[in-house]
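>>> quick check, what structure comes out for this input:
(one chain, ligands or ions: 1)
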Amino acid sequence: MSNQAKARRIAVLGSRAVGKSSLVIQFCENHFVDSYYPTIENTFTKTIKYRGHEYVVEIMDTAGQDEYSILSSHHASSVNGYVLVYSIASRSSFDMIKIIRDKILDFTGLETVPCIIVGNKSDLNIQRQVTLEEGKELAQQWACPHIETSAKHNENVAKIFDMLIASIEKANNPPSEEKNACSVM
Ligand SMILES: Nc1nc2c(ncn2[C@@H]2O[C@H](COP(=O)(O)OP(=O)(O)OP(=O)(O)O)[C@@H](O)[C@H]2O)c(=O)[nH]1
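Numbers count the residues shown, from 1 in each chain. I've put the predicted structure just below:
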């Protein structure tokens, strides 16, 4: 029974042209698309192994968001975790993931959701507008992982999904005992 694959649903959100489709296509189909076609919506499926379990992961690649976009209900309900993507070469796309997370929390009524912050286009270091430290700081604030990636060079792309599955599983099965918790003697 425990060998049965578990189904998980992930939504990939962020501003336009930050590389959401490129990351998902690189991960699921192992190639990079240099041309830009704005996405309406695409769903991909991939099996991921994490801690000896198989996870059949449905990945929703969504249309680029701006501050006026309304979060669609199927981007928020029955989604187990979020990939929030910005481009390291775009300050406004970094600001946008904060707005998107607020919309998710508003919509779900939750205080926190499993997510990973992704700074894509790390190969464009020369055009960098968001520092690595800023990404890490935001992740600390949200208590979630952060990673810089390049869909173009296939750097850290698979790690996004491994780390998010880990966060989802941690949220679903919080440790019952804190090994390092101090006790008053
Ligand atoms: N240099 C570089 N370019 C990238 C990278 N990832 C994506 N791109 C380019 O950025 C452009 C936009 O990529 P997409 O993957 O279509 O972006 P998107 O976020 O899905 O865009 P929307 O569908 O409009 O939301 C394309 O020209 C890609 O080739 C990357 O890691 N490095």
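
>>> quick check, distance from stretch 42-59 to the centre of its chain.
14 Å (C-alpha atoms, centre = their mean, to the nearest Å).

>>> residues of the chain that sit close to the ligand?
14, 16-22, 33-34, 36, 38-39, 63-64, 120-121, 123-124, 150-152 (C-beta under 6 Å from any ligand atom). Quick note: C-beta positions are derived from backbone N, CA and C, even for glycine.

>>> repeat the analysis, applying 5 Å as the threshold.
Residues of the chain lying near the ligand by C-beta under 5 Å from any ligand atom: 16-22, 34, 36, 38-39, 64, 121, 123, 150-152.

>>> give me the three-state assignment for the residue most central in space within the chain.
A centroid search over the chain (C-alpha atoms, centre = their mean) returns residue 83, at 1.4 Å, as the residue closest to the centre. Assigned state for residue 83: strand (three-state reduction, DSSP: H, G, I helix; E, B strand; the rest coil).

>>> quick one: residues contacting it.
10, 11, 12, 13, 20, 23, 115, 116, 118, 160, 161, 164 (C-beta atoms under 8 Å, 6 or more residues apart in numbering).

>>> does the third one count as helix, strand or coil?
Assigned with three-state DSSP, residue 12 falls in the strand class.
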